[in-house]
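1. Sequence first, predicted coordinates after that:
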Amino acid sequence: MGSHAQDHHHGPAKGISRWLFTTNHKDIGSMYLIFSFAMFLIGGAMAMVIRAELFQPGLQIVEPNFFNQMTTMHGLIMVFGAVMPAFVGLANWMLPLMVGAPDMALPRMNNWSFWLLPAAFLMLLSTLFMPGGAPNFGWTFYAPLSTTYGPPSTTFFIFAVHIMGVSSIMGAINVIATILNMRAPGMTLMKMPLFVWTWLITAFLLIAVMPVLAGVVTMMLMDIHFGTSFFDAAGGGDPVLFQHIFWFFGHPEVYIMILPAFGVVSQIIPAFARKPLFGYASMVYAVGAIAILSFLVWAHHMFTVGIPLFGQLFFMYATMLIAVPTGVKVFNWVATMFRGSMTFEAPMLFSVAFVILFTIGGFSGLMLAIAPADFQYHDTYFVVAHFHYVLVPGAIFGIYAAVYYWLPKWTGHMYDEVLAKTHFWMSFVGMNLAFFPMHFLGLAGMPRRIPDYALQFSNFNMISSIGAFMFGLTQLLFLFIVVKCALGGPKAPAKPWEGAEGLEWEVDSPAPYHTFSTPPEIK
C-alpha cells in the first residue's frame with residue numbers, strides 16, 4: 001500500500017508524519033536527495049579545512065591529527081553520505097516513472113532504507129566529539145593502523161558502516177525487484193531507458209560487495225574487542241589480507257558510484273542532441289562488461305605490497321581491459337552528439353563536461369594501472385588527482401546534470417537557466433583549478449594525506465586551494481537555484497526540453513514509451 005491508499009481513507013498525512021512514515025517513492029527520493037546534499041556540504045566543509053591547511057607550507061590552521069580526521073571523514077562522507085544516497089534518490093524518483101510502475105516494489109522497506117542513513121551518519125559525525133577524536137586512519141581504514149592504533153571511536157565508525165551497508169543492500173533489492181517485476185506491458189529489458197539499465201546492474205554490484213565490506217569491518221571489530229588477529233601479524237594474522245578484502249569491495253564500489261551517472265548522461269545527451277542514443281545495445285553490454293571486470297582488478301590498489309609478478313601482470317592487464325567497454329561508451333556519447341541539433345542548457349553542459357573530464361580521469365587511471373609506473377605514483381597526489389577527476393566530474397556532475405534535467409518534472413517549474421549556467425561554469429573552472437595541479441604535485445613526489453609539504457610544492461597547492469574554495473562556494477549557488485525553483489518560477493511545459501526546431505526526443509532508446517508518459521493498462 002502506498003501513501004496514496006492511506007490518504008484516500010484517512011485524509012492527507014499531516015506535517016512531519018508525512019515524511020517520517022511515507023512509502024511514496026517520490027517523497028523518499030526527495031528525502032534521499034536532500035540528505036545527500038546536506039552530507040555533500042558537510043563533507044565539502046571538511047575538504048575546505050584540508051585545502052585551507054595546504055594553502056601554504058607549514059602547519060598553521062589545524063593539528064596534524066585533526067587533519068587526518070578531516071581527510072578520513074571527508075572521504076567517507078562523500079562516498080557513503082553524498083554520492084551513493086544521491087543516486088539512490090534519483091533511482092527512487094525516476095525508476096517507477098521510467099518503467100511505468102505505480103511505486104517501488106517494496107515501499108515500506110524503502111522508507112526503512114532511507115531512515116537508517118541519518119542514524120548512521122549522526123553516529124559517524126558524533127565520533128568527532130568523542131575522546132581521541134574521529135577516525136584518523138584514512139577513508140580506506142587500513143588495518144592494523146585502524147584496529148591496533150585507531151582512536152576509541154573506531155567501534156562507532158564500524159557500526160555506522162554496518163548500518164549504511166544494510167541500507168544499501170535493502171535499496172538494491174528494492175531496485176531489482178521493481179525493475180524485474182513491475183515493468184509496463186511491452187517494455188522488454190532491451191527497451192528500458194539506459195538509466196534503468198545502469199541502476200539494475202549497479203544494484204547487483206551493491207548486493208555482491210556490501211557483504212564483503214560488512215565482513216571486513218566485522219573482522220576489525222573482532223580484532224579490536226575479541227582477541228582475534230585477522231590483521232595483526234603479532235598474532236599470526238596478515239595486514240595485507242585487510243587490503244585484499246577491502247579492495248575487493250572497494251573497486252566495484254567505485255563503479256557503483258559511476259554507473260548511474262553513465263545512465264544519466266545516456267538520457268540527457270540524446271535529448272539535447274535531438275537524436276536517439278547511438279548504439280543502445282552496445283551501451284547495455286558495455287555496462288555489463290564493466291560490472292563484471294570490476295571484480296577482477298582489485299589488487300591494482302596494492303601493487304606496492306609485494307604481490308607476485310604474475311599477480312601484478314594479471315591485475316595490470318585486467319585493469320587496462322576495463323578501458324575497452326568504457327571507451328565504447330565514450331564513443332557512443334560522442335557519436336550521439338555528432339551532427340545533432342545540440343543546445344547547451346545546464347543538463348547538457350554538465351553532461352558534456354562529464355564526458356570530457358571523466359575521460360581525463362580514465363587516462364590517468366590507465367597510467368596508474370601500469371604496475372612499474374604505479375610504484376612511483378602510489379600514495380602521491382597523482383592518485384588524488386585521478387580519483388577526483390573520476391568522482392567530481394563523474395559522479396557529482398552526473399548528479400547535477402540529472403537534477404537540472406528532471407527538476408522541471410519534479411517541481412512543475414523551470415529553474416533559472418542563467419544562474420544554472422553560472423553554477424556550471426564556476427564549478428567547471430573551480431574543479432579543474434583544484435584538481436589539475438595535483439597531477440603535477442603527484443608526479444613531483446608530493447605524498448597524499450600529509451598536512452605539510454616542501455617549499456617546491458607551494459605554488460601548485462595555492463592554486464589548488466583557490467580552485468577548491470571556488471568550487472565549494474559555488475555549491476551554495478546550486479542550493480539557491482533549487483530552492484528558488486521549488487518555490488516557483490515559470491511553469492514547466494509538458495516537454496521542458498523540446499527543441500527549438502520542435503523535434504521531440506525525450507527517450508534515450510528504441511523504447512516505445514516516452515520517459516514520462518503513463519503506459520497503457522498497468523496491471
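-> Received, thanks.
2. residues touching the residue lying closest to Val403 once chain neighbours are set aside, list them.
-> In space, and not counting its chain neighbours, Val403 is closest to Val482: 7.0 Å by Cβ to Cβ, 6 or more residues apart in numbering. (Glycine included, C-beta is placed from N, CA and C.) Applying Cβ atoms under 8 Å, 6 or more residues apart in numbering to Val482 gives the contacts 403, 407, 415.
3. do the same with Ser126
-> Here Ser126 is in contact with Phe156 (Cβ under 8 Å, 6+ apart).
4. how about the helix or strand hosting it as PDB, C-alpha atoms only?
-> In this assignment (DSSP states H and E), Ser126 forms part of helix 107-126. Taking C-alpha atoms only, helix 107-126 is exported to PDB below (Å, rounded to 0.1, in the frame of the first residue of the first chain):
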ATOM      1  CA  PRO A 107       7.600   0.700  -0.400                       C
ATOM      2  CA  ARG A 108       7.900   0.200   3.400                       C
ATOM      3  CA  MET A 109      11.400  -1.200   3.100                       C
ATOM      4  CA  ASN A 110      12.100   1.800   1.000                       C
ATOM      5  CA  ASN A 111      11.200   4.100   4.000                       C
ATOM      6  CA  TRP A 112      13.400   1.900   6.300                       C
ATOM      7  CA  SER A 113      16.300   2.100   3.900                       C
ATOM      8  CA  PHE A 114      16.300   5.800   4.000                       C
ATOM      9  CA  TRP A 115      15.800   6.400   7.700                       C
ATOM     10  CA  LEU A 116      18.800   4.200   8.500                       C
ATOM     11  CA  LEU A 117      21.100   6.700   6.900                       C
ATOM     12  CA  PRO A 118      20.500   9.800   9.100                       C
ATOM     13  CA  ALA A 119      21.100   7.400  12.100                       C
ATOM     14  CA  ALA A 120      24.300   6.000  10.600                       C
ATOM     15  CA  PHE A 121      25.700   9.400   9.700                       C
ATOM     16  CA  LEU A 122      24.800  11.000  13.100                       C
ATOM     17  CA  MET A 123      26.800   8.200  14.600                       C
ATOM     18  CA  LEU A 124      29.700   8.700  12.300                       C
ATOM     19  CA  LEU A 125      29.700  12.500  12.800                       C
ATOM     20  CA  SER A 126      29.400  12.000  16.600                       C
END
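5. still on that earlier bit, may I ask you to confirm that the residue nearest to Val403 belongs to a helix?
-> Yes - Val482 forms part of a helix when assessed by DSSP: H, G, I helix; E, B strand; the rest coil.
6. Please pull up the helix or strand immediately following the helix or strand bottoming out on mean pLDDT in the chain.
-> In the chain, no helix or strand scores lower on mean pLDDT, DSSP states H and E than helix 3-10, which sits at a mean of 47. Reading on from helix 3-10 to the C-terminus, the next helix or strand found by DSSP H and E is helix 15-21.
7. quick one: average pLDDT of that following helix?
-> Average pLDDT, helix 15-21: 91.
8. quick one: buried residues of it?
-> Judged by neighbour count using 16 or more other Cβ atoms under 10 Å, the buried positions of helix 15-21 are Trp19.
9. Which element is encountered next along the chain beyond that helix?
-> helix 25-53.
10. Can you give me the buried ones in that following helix?
-> For helix 25-53, the neighbour count (16+ other Cβ under 10 Å) marks 25-33, 35-40, 42-44, 46-53 as buried.
11. wait, what's in contact with Thr326?
-> 286, 290, 362.
12. Please state the offset of the top helix by length along the chain from the chain centre?
-> Using DSSP state H to define each element, the chain has its longest helix at helix 194-225. Between the centre of helix 194-225 and the centre of its chain there are 14 Å (Cα atoms, centre = their mean, to the nearest Å).
13. Check stretch 485-503 too.
-> On Cα atoms, centre = their mean, the centre of stretch 485-503 falls 28 Å from that of its chain.
14. Of all the residues in that stretch, which ones are buried?
-> By neighbour count on 16+ other Cβ under 10 Å, the buried set for stretch 485-503 is 485, 489, 492, 495-497, 499.
15. Dump it to PDB, keeping only the CA atoms.
-> Extracted in PDB, the C-alpha atoms of stretch 485-503 (Å, rounded to 0.1, in the frame of the first residue of the first chain):
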ATOM      1  CA  CYS A 485      12.800  26.600  -8.500                       C
ATOM      2  CA  ALA A 486      10.900  24.600  -5.900                       C
ATOM      3  CA  LEU A 487       9.200  27.800  -4.600                       C
ATOM      4  CA  GLY A 488       8.000  29.000  -8.000                       C
ATOM      5  CA  GLY A 489       9.100  30.300 -11.300                       C
ATOM      6  CA  PRO A 490       8.000  29.900 -14.900                       C
ATOM      7  CA  LYS A 491       5.600  26.900 -15.300                       C
ATOM      8  CA  ALA A 492       7.300  24.000 -16.900                       C
ATOM      9  CA  PRO A 493       5.800  22.800 -20.200                       C
ATOM     10  CA  ALA A 494       4.900  19.100 -20.600                       C
ATOM     11  CA  LYS A 495       8.100  18.500 -22.500                       C
ATOM     12  CA  PRO A 496      10.500  21.000 -21.000                       C
ATOM     13  CA  TRP A 497      13.400  20.100 -23.300                       C
ATOM     14  CA  GLU A 498      11.600  20.200 -26.600                       C
ATOM     15  CA  GLY A 499      14.000  21.600 -29.100                       C
ATOM     16  CA  ALA A 500      14.000  25.000 -30.800                       C
ATOM     17  CA  GLU A 501      13.100  23.100 -34.000                       C
ATOM     18  CA  GLY A 502      10.200  21.300 -32.400                       C
ATOM     19  CA  LEU A 503      11.900  17.900 -32.500                       C
END
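16. what about the protein, any weak spots by pLDDT?
-> 1-13, 499-523 (pLDDT under 70).
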